[in-house]
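> Build me a model:
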Amino acid sequence: MAELRIAILGSGYMGRTHAECITRHVTRAKLVAISGGRRAPGLAADYGAAYEPTYEALLARGDVDSVLVATPHADHCAQVMAAAEAGKHVLVEKPMATSVADCTRMIEACDRAGVRLEVIQTQRFRGALWRTRKLIADGAIGKIRMLQGRSLFTSYVVDSSPWAGEDAHGGAFLDTGVHFFDLMRFLTGAEPQSVFATLKTFGEVPYGGLNAMTQLTFADGAIAQHWMSYQIPKPSLPNSEHRYVIVGETGMIDVDAYGKVQLAKDDQWTTVWEQPPIDYVNRPLDPVRLEAFFTQTQAFVDDVLDDRPATVSGAEGRAAVALVEAAWRSSRLGVPVQLI
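Residues are numbered from 1 along each chain as shown. So this is what the prediction gives:
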């Protein structure tokens, strides 16, 4: 197979993001068709792809090798299973699904069909964060002891309609939580052992879980905290949308996913790298914003074509959803939840 022929299911903000990435930035790939949503005909026309009025018609196409699923979260499970049954490889947006049980069904369906399943976790591919992971892996700060993260926003908005905050699609904590739980596993290279969380929404707001305080212990002895909020008064705290401090035996790293990677070593701070400015609201198709997306999509294409192990497997996507489920359970019960 000289190139991977990809179809996109979904035509919203992320559908356009991925159409731009595949057509302008990913090699050995071709965008063949688009389906799903009222904007699909226009999106297909914009990128020279075929428009299919139904998902069934898209899956029936013989010139589609894989499907990139960028639809509302609650739809992922059935859509991924249908793609697997049609013999298509799948790259699915995060969160992988709205429950661990659905994640397992998706993994099993793809295994039975002998097709690839990978999950989009773009924060791993941000320049600041993969450089931080490399610093840790290279021993720059020694064994990790503590990690603290914050994901703070002044409102909850996804695309033109904040559907992801609705309970049917897992809510804001699932939507954002899979990012920071995945990053904690990615940065530490360790598995969480327990989670203790408190989730709360303040005031008369139609979304649950807009604020979360979470504490984790890891099997290797590390401890971690994360603070998420979509109800921070303006102007919020600076540089805190995806900010992490990692403390090791011999040093520290302060990383802003949209800013600097700073290393504390030998009694001084040094800037290791700085992310060029990202404006995901006003310049959503700027290559600076898209880099993490097209880097992961390129990895998926190369994994399929070169028969490599999955870069972000279904099991990795399920692990992030499992941590969100455990945090919600902890908050409801008021006690820590043991994971392993």
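
> Using CSV, write out the CA atom coordinates for stretch 53-69.
C-alpha atoms of stretch 53-69 as CSV (Å, rounded to 0.1, in the frame of the first residue of the first chain):
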residue,chain,number,x,y,z
PRO,A,53,-24.7,11.5,2.7
THR,A,54,-24.6,8.5,5.0
TYR,A,55,-21.9,6.8,7.1
GLU,A,56,-23.0,3.4,5.6
ALA,A,57,-22.2,4.8,2.1
LEU,A,58,-18.9,6.0,3.3
LEU,A,59,-17.9,2.6,4.7
ALA,A,60,-19.0,0.9,1.5
ARG,A,61,-16.5,2.7,-0.6
GLY,A,62,-13.7,0.5,-1.8
ASP,A,63,-11.3,3.4,-2.0
VAL,A,64,-11.4,4.0,1.8
ASP,A,65,-8.8,2.2,3.9
SER,A,66,-9.3,4.0,7.1
VAL,A,67,-11.8,6.3,8.9
LEU,A,68,-10.9,9.3,11.2
VAL,A,69,-13.8,9.6,13.6
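
> how about it: buried residues?
Neighbour counts over stretch 53-69 (16 or more other Cβ atoms under 10 Å) mark 55, 58-59, 61, 64-69 as buried. (Glycine included, C-beta is placed from N, CA and C.)

> Report the beta-bridge partner residues of Leu199.
Beta bridges link Leu199 to Ala212, judged by DSSP bridges.

> Double-check it against Gly209; I have them as touching.
Yes - the criterion here is Cβ atoms under 8 Å, and Leu199 meets it with Gly209 at 4.5 Å.

> Quick check: neighbours shared by those two?
By the contact definition Cβ atoms under 8 Å, 6 or more residues apart in numbering, Leu199 and Gly209 are jointly contacted by 173, 328.

> closest to Phe125 among the buried residues of stretch 53-69?
Lowest distance from Phe125 to these (Cβ to Cβ) belongs to Leu68, with 15.3 Å.

> quick one on the thing from earlier: which one of Leu199 and Gly209 has more residues nearby?
A direct count of neighbours by other Cβ atoms under 10 Å for Leu199 and Gly209 places Gly209 higher, at 25 against 21.
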